[in-house]
Structures are given as C-alpha cells and as structure tokens.
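K.L.:
Provided below are the primary sequence and the corresponding predicted coordinates.
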Amino acid sequence: MRAGHGKPGGMKQDPGAAPAPAGIEPELDASQVCAVIVTYQPGPELASLVDDLSEQVDKVIIVDNASGGEALQQLERLQERPQLSLQINPTNAGLGAALNQAIRLAIEDGYPWILTLDQDSRPDPGMVSTLLAAVQSGVRREPLAVVAPVLEDRTLGYRYRSLTARSRWFFKRETCETGVLEDVLMVLNSGALHSAHALEHLGGFRADFFIDYLDTEYCLRARLAGYHILVACEARIQHRLGDRQRRRLGPFIFYPTFHSPLRWYTISRNRIPVLRMYMLKFPNWFFFEFFSSLFILLRMLLLEDHRGLKLKALARGTVDGLRRRMGPIPPDAGAMLGKV
C-alpha cells in the first residue's frame with residue numbers, strides 16, 4: 001500500500017474552485033502510475049493490453065460494468081495476475097461512474113498519477129515514460145491536470161489532431177512529432193495521464209453523463225479552474241474512435257465513425273449540458289464544437305448506414321439534454337434505438 005493522498009469524498013465537483021497545489025514529485029517513474037480501465041464485454045485483446053501496461057505502470061485496476069459470458073470468464077482469468085485488481089459491478093453503472101470508482105481505488109492506494117485507457121486501445125512501448133518526461137519537461141505549466149499522447153489509427157493511417165487555443169475566440173487543430181503541445185483545450189481519455197491531485201480537487205468525471213463527453217467536460221472544467229493540459233508529441237497510442245472506416249467521396253477521403261444510434265443519442269444529449277456550461281466561457285471550443293458537429297452530421301448523412309434511426313437518436317438526445325434528463329439511457333429510447 002502506497003502512502004495515501006486521502007479519499008475523494010464522493011468525487012464532488014467544484015467547477016469554479018481555485019487550483020489545488022500541484023504536489024508534483026521531483027522524480028517520476030512507473031512506480032507512481034496506476035492504470036485504470038473500464039470494461040464492458042471486452043474482447044480477447046484485453047489480455048494483451050494488460051500485458052503491455054504491466055511493463056509500463058505499477059498497477060492496473062479494471063472496473064467491469066456487468067459483463068457476462070466469455071468476457072466475464074476472461075476477466076476472472078486476468079484476476080490471477082499480480083499487478084491487477086479487478087472490480088466487477090453487478091449492473092452497468094456507466095463509464096463515468098466506473099471511472100470514478102477506479103480512480104478512488106487508485107487514490108486510496110496513494111498513486112499520484114492515474115492513466116486512463118479504453119479497453120481496446122494499445123499504448124506504444126515507452127508511452128508512459130514519455131508522458132512522465134513531459135510532466136517534468138522544462139515547458140511544463142503548473143498546475144497540471146492532464147498530459148496526453150498522440151492518438152493514431154494505424155490500420156487506416158489516421159492520426160488525431162490536438163485541439164489548441166490560438167486565442168479566446170479561435171482554435172487550432174495541430175499535429176506534432178516532437179516536444180510538447182501547450183494551451184490544449186481538451187484531450188481524449190484513452191492514454192491520458194491524470195494528476196490525482198487534480199482529479200480529487202475537481203471531483204472526477206460526470207457520472208450522470210453515462211458515456212460520451214466525459215473527457216471534454218472534465219478538460220474544460222479543469223481549464224476553467226486554472227489547470228493546464230499538455231500533449232506529449234512523442235507518446236503514441238493506437239486507438240479507434242467508434243467503428244471508424246475509410247470512405248471516398250469523389251476526390252475526397254473521409255473517416256466516418258459509424259457510431260450506433262444509441263451513441264448518437266448519448267453524444268447529442270450530453271453535448272447540451274457541456275454547451276450550457278462552457279460555450280460562453282470558452283468561445284474557441286464552442287466554435288470548434290459547432291463546426292465539428294455540423295461536419296460529423298453531414299458526413300453521417302452522406303456515408304453511413306441507418307441514417308434515419310441516427311437522426312431520431314440525435315433529436316431525442318437533444319430534447320432530453322434540453323430537459324436535463326441525464327443518467328442511463330431511458331428504456332424507451334433504448335428500445336427505439338437499439339435495433340442495430
């Protein structure tokens with residue numbers, strides 16, 4: 001058991017609070033990092049992910065959201081590994097609640113740095129050490145909430161671009177090969193190295209979002225509270241957003257995500273409270289969100305299947321977001337949208 005940092009006390013949120021002391025230790029290494037993964041019906045690639053992480057972090061915590069069948073048997077086999085701790089929830093609590101559950105366990109064990117990962121992502125060798133080096137680099141800005149890697153989909157030859165602030169009103173999408181990106185507005189959770197101090201102080205992730213926009217909302221809340229977000233350009237992780245596929249439309253190449261109608265529901269619903277909270281505080285992010293959402297909608301209408309059902313999901317999610325109906329997907333919406 002590591003020296004504790006105290007319990008997060010239910011991960012209560014305080015968006016307007018001033019930054020807590022960063023508490024960054026002078027020397028950082030893998031012994032100070034705990035990886036947390038939330039699973040739901042994971043595939044066989046999870047075992048490889050745990051193996052990869054065991055060489056880069058001190059401990060791996062898996063919180064499973066009520067998987068069954070072969071997936072559950074696989075998780076029980078993984079439980080025998082010495083660096084792994086497994087918690088199995090009796091019901092699907094949602095990604096946000098399960099992340100907070102795993103984070104609490106890591107903080108109680110005294111880890112100052114917490115690595116969040118999706119169950120199907122694959123970090124490159126040395127990713128964590130590169131993230132830690134970025135934390136200690138000369139360009140580090142304190143207090144620091146998150147340092148993230150560059151996400152790549154090597155099967156499609158696609159690299160995600162980071163969202164940075166050019167000014168209060170304008171954003172920039174950036175790619176980088178070396179060094180550290182500063183003034184980052186938001187990053188995806190997969191592969192992100194979080195400060196435990198920031199997670200405790202800010203209250204963790206929004207459990208009522210269930211899934212989608214968890215990382216966006218947390219990053220904007222951290223920025224509002226005065227924290228900084230970095231991207232370590234030489235740290236890489238393999239990650240696929242949704243069921244992203246390569247599609248050609250005339251001379252142009254697109255990469256639609258082929259999210260299910262249920263995901264279109266949660267994306268559309270959760271977008272509303274994030275806009276409500278942050279659009280005036282971060283107009284640069286708002287302009288990005290507006291143009292990005294419009295582009296994704298048009299791309300879906302041109303290139304994806306089940307367009308009618310996805311439009312219904314968008315409409316229902318937007319209405320529920322405006323009415324502040326958060327939490328798990330309502331049964332009637334699930335019955336209507338869960339047909340594919």
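P.N.:
Nice, I can see it.

K.L.:
per-domain residue ranges of this structure.
P.N.:
Per automatic domain parsing, the domain ranges recorded for the chain read 30-238, 247-337.

K.L.:
the helices in this structure, which residues?
P.N.:
45-54, 69-78, 95-108, 127-135, 196-202, 214-224, 261-278, 283-303, 307-322, 331-337 (DSSP state H).

K.L.:
Can I get these in JSON lines including distance to residue 235 and mean pLDDT?
P.N.:
(Glycine included, C-beta is placed from N, CA and C.) Compiled in JSON lines, those are given as follows (distance: least, CB to CB, whole Å; pLDDT from 0 to 100):
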{"stretch": "helix 45-54", "distance to residue 235": "14", "mean pLDDT": "94"}
{"stretch": "helix 69-78", "distance to residue 235": "25", "mean pLDDT": "94"}
{"stretch": "helix 95-108", "distance to residue 235": "20", "mean pLDDT": "98"}
{"stretch": "helix 127-135", "distance to residue 235": "4", "mean pLDDT": "96"}
{"stretch": "helix 196-202", "distance to residue 235": "19", "mean pLDDT": "97"}
{"stretch": "helix 214-224", "distance to residue 235": "16", "mean pLDDT": "98"}
{"stretch": "helix 261-278", "distance to residue 235": "26", "mean pLDDT": "98"}
{"stretch": "helix 283-303", "distance to residue 235": "23", "mean pLDDT": "98"}
{"stretch": "helix 307-322", "distance to residue 235": "33", "mean pLDDT": "97"}
{"stretch": "helix 331-337", "distance to residue 235": "36", "mean pLDDT": "88"}
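
K.L.:
related to what we said a few turns ago, please identify the deepest-packed of the domains of the chain.
P.N.:
domain 30-238 (a mean of 19; mean count of other CB atoms under 10 Å).

K.L.:
now do the same end-to-end measure for it.
P.N.:
In domain 30-238, first residue to last residue: 20 Å (CA to CA, to the nearest Å).

K.L.:
Also stretch 218-229?
P.N.:
11 Å.

K.L.:
again with stretch 185-201
P.N.:
19 Å.

K.L.:
Same question for stretch 40-47.
P.N.:
Stretch 40-47 has an end-to-end distance of 14 Å (criterion: CA to CA).

K.L.:
Make JSON lines from the helices of the chain and add distance to residue 86 to it.
P.N.:
Output for these, formatted as JSON lines (distance: least, CB to CB, whole Å):
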{"stretch": "helix 45-54", "distance to residue 86": "10"}
{"stretch": "helix 69-78", "distance to residue 86": "6"}
{"stretch": "helix 95-108", "distance to residue 86": "10"}
{"stretch": "helix 127-135", "distance to residue 86": "21"}
{"stretch": "helix 196-202", "distance to residue 86": "21"}
{"stretch": "helix 214-224", "distance to residue 86": "22"}
{"stretch": "helix 261-278", "distance to residue 86": "26"}
{"stretch": "helix 283-303", "distance to residue 86": "35"}
{"stretch": "helix 307-322", "distance to residue 86": "32"}
{"stretch": "helix 331-337", "distance to residue 86": "27"}
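
K.L.:
I'd like to know which of those lies nearest to residue 164.
P.N.:
helix 283-303 (8.9 Å; CB to CB).

K.L.:
and that closest one, what does it pack onto?
P.N.:
Counting contacts by 3 or more CB pairs under 8 Å, 6 or more residues apart in numbering; DSSP states H and E, helix 283-303 packs against strand 162-165, strand 171-174, strand 184-186, strand 247-249, strand 252-254, helix 261-278, helix 307-322.

K.L.:
now the ones you listed in TSV, with distance to residue 196?
P.N.:
Listed next are the helices and strands packed on helix 283-303 as TSV, based on distance: least, CB to CB, whole Å:
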stretch	distance to residue 196
strand 162-165	23
strand 171-174	27
strand 184-186	20
strand 247-249	41
strand 252-254	39
helix 261-278	24
helix 307-322	31
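
K.L.:
can you list contacts of stretch 161-169?
P.N.:
By CB atoms under 8 Å, 6 or more residues apart in numbering, the list of residues contacting stretch 161-169 from outside reads 148, 150, 171-176, 181-187, 231, 283-285, 287-288.

K.L.:
Please tell me I have it right and residue 184 contacts residue 233.
P.N.:
No: look at residue 184 against residue 233 with CB atoms under 8 Å: they stay out of range, at 11.2 Å.

K.L.:
one step back: closest to residue 214 out of the helices and strands packed on helix 283-303?
P.N.:
Across these, residue 214 has its closest neighbour in helix 261-278 (8.1 Å, CB to CB).

K.L.:
what angle do the closest one and helix 283-303 make?
P.N.:
Our comparison of helix 261-278 with helix 283-303, counting by axes from the mean of the first three to the mean of the last three CA atoms, to 10 degrees, yields an angle of 160 degrees.
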